[in-house]
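Engineer: can you look at this prediction? I've put the sequence above it.
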Amino acid sequence: MVATGLLYSQVEYGRYEFTGTSSGDNQFNSVTSQPAFGIFSSFTRTNVSWGTAADVFNSSNWTTAASRDDAEYVSFSLTLTNPYTFKNQTLTLKFDSRRSSTGPTNGQVMYRFGSNSFASAYTWSVPTTSTQQIATIPAPGNTTETLLEIRIHGWSAGATTGTNRFDNVIIESSTLPLPVELTSFTAVAKGRGVELAWKTATELNNKGFEIQRTELNHRNIGSLNQSADGSMNQWHG
């Protein structure tokens, strides 16, 4: 038997879905749910205007110039709470993008950590049918920053009345901050079973531990509730 003690953290940090009617300036711009380890800002506009559309974040008055206007964008931020930082994280930004026939034909994702300068993560040609876009946002390996800001720009609109629409904006990470910091982990064969033992230094917002067995696929074979920091956990199976 191969037994694996896995500590899971949700891959998705958060998402904006913009569900709501098209009447009035209904931005519906709060993140669907706040994570336990950070706080998302509202999804907002800067120097562009609200445009009528249901269930999307729709904006007009994008520049008709052939280059990006740094003063025009939609944006959001994520601030991690102590003790988490963005150290060694590779983040993925996903969003659905479309424009009207006279909307901006070019788009760009800019990002920064803390008060550093903004850098480009992704550029794309904005389609007229909703299409998912994916941008990779790497954090410096030695960063201690806890703030991530993202701005999404559009330019080369056919007319200022043209619109740019976003939906299903998602931030994911392959290296999410885990709620548990391990100091030791052992696995010892006991007859036809195995004894797992591990000790934690910290347990922040941790509900408990899930023990899984893997042959071709992982399946749950046991669980333990959260323990006090610095305590030893044991499981027999």
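Structural biologist: Yep, that arrived.

Engineer: can you give me the end-to-end distance of stretch 140-156?
Structural biologist: Across stretch 140-156, the terminal residues are separated by 32 Å (Cα to Cα, to the nearest Å).

Engineer: buried ones in that stretch?
Structural biologist: 145, 146, 147, 148, 149, 150, 151, 152, 153, 154, 155, 156 (16 or more other Cβ atoms under 10 Å). In this view, the C-beta of every residue, glycine as well, is placed from N, C-alpha and C.

Engineer: residue 187: what secondary structure?
Structural biologist: Using DSSP: H, G, I helix; E, B strand; the rest coil, the secondary structure recorded for residue 187 is strand.

Engineer: tell me the predicted confidence for it.
Structural biologist: Per-residue pLDDT puts residue 187 at 82.

Engineer: my guess is it contacts residue 196, does it?
Structural biologist: Yes. Residue 187 is in contact with residue 196 according to Cβ atoms under 8 Å; the separation is 5.4 Å.

Engineer: for the two, indicate the residue with more neighbours.
Structural biologist: Just comparing residue 187 and residue 196: by other Cβ atoms under 10 Å the higher neighbour count belongs to residue 196, 20 against 15.

Engineer: which residues touch the residue sitting furthest away from the middle of the chain?
Structural biologist: No residue in the chain sits farther from the centre than residue 191, which is 43.8 Å out by Cα atoms, centre = their mean. Neighbouring residues of residue 191 by Cβ atoms under 8 Å, 6 or more residues apart in numbering: there are none.

Engineer: which pair in the buried residues of stretch 140-156 spans the largest distance?
Structural biologist: The two members of the buried residues of stretch 140-156 with the most space between them (Cβ to Cβ) are 146 and 156, at 35.1 Å.

Engineer: and the residue most central in space within the chain, what helix or strand is that in?
Structural biologist: For the chain, the residue nearest the mean C-alpha position is residue 171 (2.0 Å; Cα atoms, centre = their mean). Assessed by DSSP states H and E, residue 171 sits inside strand 164-173.

Engineer: so what does that strand touch, helix or strand wise?
Structural biologist: For strand 164-173, the packing partners by 3 or more Cβ pairs under 8 Å, 6 or more residues apart in numbering; DSSP states H and E come out as strand 12-16, strand 57-60, strand 73-80, strand 90-99, strand 147-157.

Engineer: send me it as CSV with only the CA atoms.
Structural biologist: C-alpha atoms of strand 164-173 as CSV (Å, rounded to 0.1, in the frame of the first residue of the first chain):
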residue,chain,number,x,y,z
ASN,A,164,-15.0,46.2,-24.2
ARG,A,165,-16.5,43.4,-22.1
PHE,A,166,-15.0,41.2,-19.4
ASP,A,167,-16.5,38.2,-17.6
ASN,A,168,-15.4,35.3,-15.4
VAL,A,169,-12.2,37.0,-14.2
ILE,A,170,-10.2,34.4,-12.2
ILE,A,171,-6.9,34.3,-10.4
GLU,A,172,-5.3,30.9,-9.8
SER,A,173,-2.0,29.7,-8.4
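
Engineer: so what are the sheet partners of that strand and their directions?
Structural biologist: Strand pairing for strand 164-173, using DSSP bridges, gives strand 12-16 (antiparallel), strand 57-60 (antiparallel), strand 90-99 (antiparallel).
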